[in-house]
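Undergrad: Return a 3D structure for these sequence lines:
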Amino acid sequence: MLLVIDPPKSRILKWLLLPVAVFFIFLAIISLAFFILNRQYEGRIYPGIKIGNIDLSGLTKAGVEKLLVEKIDELNQKGLKFKYGDSQMTIMPAVVSLEADLTYRIMSFDPEQTSEEIFSFGRNRDFFPNLEDKATALLFGKPAGIIYDLNE
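TA: Alright, predicted model coming up:
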């Protein structure tokens, strides 16, 4: 009767092969997920990006710009409301005078540049920093700001 005993090297190789295979399968799944994410959001804003409580996920650059113009027009109509303690104050972005020449803007917004900045998030750097940006936005969300100019 012949008794076959595995040499120790063979056993170590088998145990080493399992974690390596699991690692590469995990890497392939993550790569496939980000490839699908890139294809699905090509030409659109990545998921998780917001301005305030407005979710911009899936919108095109033109769609974001249109939405911002609508919100800015609403802000120009209603003004900015500030509240401190019991008092509340509304400041209009444009100070209007009886004469058109004396009207001036206190605050102006740039929806075109803002939509460009938001759209370039996750696209404007090298592969790994962009991958980190997309993962962060997807998992934790990414607050975006509005580009504005304040005349003092």
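Undergrad: May I have the strands that pair with the least confident helix or strand in the chain by mean pLDDT, each with its orientation?
TA: Of all helical and strand segments in the chain, the minimum by mean pLDDT, DSSP states H and E falls on strand 94-95, at a mean of 72. Using DSSP bridges, strand 94-95 pairs in its sheet with strand 104-105 (antiparallel).
Undergrad: Skip ahead from the partner strand and say which helix or strand is next.
TA: With elements assigned by DSSP states H and E, the helix or strand that comes after strand 104-105 is strand 107-109.
Undergrad: Please name every helix or strand in contact with that following strand.
TA: With contacts taken as 3 or more C-beta pairs under 8 Å, 6 or more residues apart in numbering; DSSP states H and E, strand 107-109 sits against helix 61-78, strand 148-150. Backbone N, C-alpha and C define where each C-beta goes, glycine included.
Undergrad: In its sheet, which strands sit next to it, and in what direction?
TA: Strand 107-109 sits in its sheet next to strand 148-150 (antiparallel), going by DSSP bridges.
Undergrad: How about residues contacting the partner strand?
TA: Strand 148-150 has contacts (C-beta atoms under 8 Å, 6 or more residues apart in numbering) with 106-110.
Undergrad: Now Arg123: closest residue in space, sequence neighbours ignored.
TA: Asn130 (6.4 Å; C-beta to C-beta, 6 or more residues apart in numbering).
Undergrad: hang on, the one you found in a helix?
TA: Yes. Using DSSP: H, G, I helix; E, B strand; the rest coil, the assignment for Asn130 is a helix.
Undergrad: What's opposite the residue most central in space within the chain in the beta bridge?
TA: For the chain, the residue sitting closest to the mean C-alpha position, by C-alpha atoms, centre = their mean, is Ile49 at 3.3 Å. Beta-bridge pairing of Ile49 under DSSP bridges involves Lys142.
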